[in-house]
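Student: I would like to see how this sequence folds:
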Amino acid sequence: MTEKILRERDVAQLDGGLSRSTRWRLERDGFYPKRRKLGRHSVGWKESEITEWLKDPEGWAEKSAQAAA
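Tutor: Residues are numbered from 1 along each chain as shown. Below is the predicted model:
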């Protein structure tokens, strides 16, 4: 099954319009899903990770830390 990749505009609509700076800061600190580099000047996020984050934003850091261990 192919994972759908969401671009910046789609993610902004889903996450309540967080700014790029805020999204980057949260991502850097482990509180938001990591972006994937798609090309030289483009990035995207896995739809499943964004959906999971939307269900429990506060628990995302804990879940992602457990998955990495």
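Student: Find the least confident helix or strand in the protein, judged by mean pLDDT.
Tutor: Ranked by mean pLDDT, DSSP states H and E, the helix or strand of the chain with the weakest confidence is helix 60-68, at a mean of 74.
Student: Buried residues, that one. List them.
Tutor: Burial within helix 60-68, assessed by neighbour count using 16 or more other C-beta atoms under 10 Å, is assigned to 60, 64. Where C-beta positions appear, they are placed from N, C-alpha and C, glycine not excepted.
Student: Let's see it as PDB, backbone CA atoms only.
Tutor: Extracted C-alpha coordinates of helix 60-68, given in PDB (Å, rounded to 0.1, in the frame of the first residue of the first chain):
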ATOM      1  CA  TRP A  60       3.200  12.600  19.800                       C
ATOM      2  CA  ALA A  61       6.600  13.200  21.300                       C
ATOM      3  CA  GLU A  62       6.300  10.200  23.600                       C
ATOM      4  CA  LYS A  63       5.000   7.900  20.900                       C
ATOM      5  CA  SER A  64       7.800   9.000  18.400                       C
ATOM      6  CA  ALA A  65      10.400   8.600  21.100                       C
ATOM      7  CA  GLN A  66       9.200   5.100  21.900                       C
ATOM      8  CA  ALA A  67       9.200   4.200  18.200                       C
ATOM      9  CA  ALA A  68      12.800   5.300  17.800                       C
END
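Student: Just the residues contacting that helix, thanks.
Tutor: 29-33, 52-53, 56 (C-beta atoms under 8 Å, 6 or more residues apart in numbering).
Student: Of those, which count as buried by neighbour count?
Tutor: 31-33, 52-53.
Student: and these as JSON lines, adding pLDDT and secondary structure?
Tutor: Conversion of these to JSON lines gives the following (pLDDT from 0 to 100; DSSP: H, G, I helix; E, B strand; the rest coil):
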{"residue": "Phe31", "pLDDT": "93", "secondary structure": "coil"}
{"residue": "Tyr32", "pLDDT": "95", "secondary structure": "coil"}
{"residue": "Pro33", "pLDDT": "95", "secondary structure": "coil"}
{"residue": "Glu52", "pLDDT": "92", "secondary structure": "helix"}
{"residue": "Trp53", "pLDDT": "93", "secondary structure": "helix"}
